[in-house]
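**Student:** what follows is a predicted protein model with its sequence.
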Amino acid sequence: MSGVLMVCEGNVCRSPMAAALLNKALPQIPARSAGTRALAGRRAAPFAVALMDERGLDLRPHVAAPLTSAQVRSAQLILAMTRAQCGTIERVFPFARGKVYRLGEHDRLDIVDPYQRGRFTFEMAVAQIEQGVRRWLDAIAGLQH
């Protein structure tokens with residue numbers, strides 16, 4: 001078992017940003033990302049790259065990848081961006097039940113999808129992701145014990 005898996009749709013905006021922010025906050029616990037409908041092979045969205053640059057994180061090496069059974073099996077915790085994505089993950093990978101949650105669960109919030117939208121929407125998504133990561137830090141830190 002290893003770390004946290006962040007999941008969104010295309011794996012070019014929300015989940016790579018969430019994984020990067022979690023890796024910065026808790027470098028001892030690996031965070032990766034994938035998409036339920038990944039734009040496989042695509043790079044992170046330009047606004048995602050810019051907003052992570054502002055936080056000292058480099059998303060340029062990121063390449064979108066689809067969610068796989070192996071990733072779901074090996075993750076200790078899976079954090080999706082929306083309730084619908086949680087449902088999709090549990091439907092496709094029923095063995096994942098019990099370790100799939102929304103990143104915004106503590107605030108009963110789906111993370112807004114900024115894909116193909118303006119900087120303002122990306123900034124809103126990043127603010128929600130940062131809040132979600134902060135709210136999950138204690139639980140995730142406990143994964144290493």
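**Tutor:** Here it is on my side, so go on.
**Student:** Tyr101 contacts Ala80, correct?
**Tutor:** Yes - judged on C-beta atoms under 8 Å, Tyr101 makes contact with Ala80 at a distance of 7.4 Å. Bear in mind the C-beta positions are built from the backbone N, C-alpha and C, glycine included.
**Student:** tell me which of the two has more neighbours.
**Tutor:** Ala80 (30 against 17; other C-beta atoms under 10 Å).
**Student:** which residues touch the more buried one?
**Tutor:** Met6, Val7, Cys8, Thr36, Cys86, Ile89, Val100, Tyr101, Arg102, Leu103 (C-beta atoms under 8 Å, 6 or more residues apart in numbering).
**Student:** how about the backbone phi and psi for the last one?
**Tutor:** Translated: Leu103. phi -60, psi -40 (degrees, to the nearest 10).
**Student:** give me the neighbour count for it.
**Tutor:** Under the neighbour criterion other C-beta under 10 Å, Leu103 is assigned a count of 31.
**Student:** equivalent analysis for the third one, please.
**Tutor:** The number of residues packed around Cys8, counting by other C-beta under 10 Å, is 31.
**Student:** now for the contacts of Ala80, which pair is the farthest apart?
**Tutor:** With C-beta to C-beta as the measure, no two of those lie farther apart than Thr36 and Tyr101, at 15.0 Å.
**Student:** run the chain-centre distance for the host helix or strand of Ala34.
**Tutor:** Element membership for Ala34 (DSSP states H and E) is strand 31-35. Here strand 31-35 shows a centroid-to-chain-centroid distance of 6 Å under the convention C-alpha atoms, centre = their mean, to the nearest Å.
**Student:** could you do stretch 15-24 as well?
**Tutor:** The chain centroid and the centroid of stretch 15-24 are separated by 7 Å under C-alpha atoms, centre = their mean.
**Student:** check stretch 33-43 too.
**Tutor:** That offset, for stretch 33-43, works out to 11 Å (C-alpha atoms, centre = their mean).
**Student:** in it, which residues are buried?
**Tutor:** Judged by neighbour count (16 or more other C-beta atoms under 10 Å), stretch 33-43 contains these buried residues: Ser33, Ala34, Gly35, Thr36, Ala38, Leu39, Arg43.
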